[in-house]
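Colleague: Let's see this in three dimensions:
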Amino acid sequence: MVHFAKIDNFSPYNPKDTSDYKHFIQTYYELYLASYNNKGMKPFQELKQQVKELKEKGVIPIGVLNYKFNYIDSEALNNSSLIIKNKQLYINENSELEYTKQAESFVPAILSNKLISR
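Modeller: Here you go, the predicted model:
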């Protein structure tokens, strides 16, 4: 899966980017699909519908994602912590090196393309 949201740019300790409605939705979608257990998350379409309904009522929703996650280390194949056998990726049981890294993201966003003054 290609990560368009670049969630690694949203570290709470070193923010490098800003978010908006489209980016927030993309980030949520990627986290939802990548989560091992996403039962505590709203389905993607339900979230979009809820945001739409709030905007129709004149409410400007604010979204905040604060997640800790693991990702595969880009050096895992080079350092042999992951290996390829028969065109499939496997954990090298003989390696003492970790094949994943941990990260944390904090993504706040106003979930509207424009603000309306009354």
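
Colleague: got the buried residues for stretch 92-100?
Modeller: 92, 99 (16 or more other C-beta atoms under 10 Å). Every C-beta, even on glycine, is put in place using the N, C-alpha and C of the backbone.

Colleague: What's the mean pLDDT across that stretch?
Modeller: Averaged over stretch 92-100, pLDDT sits at 91.

Colleague: Can you measure across it, start residue to end residue?
Modeller: End-to-end span of stretch 92-100 (C-alpha to C-alpha, to the nearest Å): 12 Å.

Colleague: Off-centre distance for that stretch?
Modeller: Computed by C-alpha atoms, centre = their mean, to the nearest Å, the chain-centroid distance of stretch 92-100 equals 25 Å.

Colleague: ok, residues contacting it?
Modeller: Stretch 92-100 is contacted from outside by 70, 71, 72, 73, 76, 79, 80, 81, 82, 83, 91, using C-beta atoms under 8 Å, 6 or more residues apart in numbering.

Colleague: Show me how to select, in PyMOL, the buried members of the residues you listed.
Modeller: Selection of buried members from the contacts of stretch 92-100 for PyMOL, criterion 16+ other C-beta under 10 Å:
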select buried, resi 73+76+81+82+83
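
Colleague: Tell me which of the contacts of stretch 92-100 fall in strands.
Modeller: Judged by DSSP state E, these include 70, 71, 72, 82, 83, 91 as members of strands.

Colleague: any chance of the contacts of stretch 92-100 in TSV, plus distance to residue 13?
Modeller: As requested, the contacts of stretch 92-100 are exported to TSV (distance: C-beta to C-beta, whole Å):
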residue	distance to residue 13
70	17
71	17
72	21
73	19
76	24
79	26
80	30
81	25
82	27
83	33
91	29
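
Colleague: Quick check: residue 67 is in a strand.
Modeller: Yes. Judged by DSSP: H, G, I helix; E, B strand; the rest coil, residue 67 forms part of a strand.
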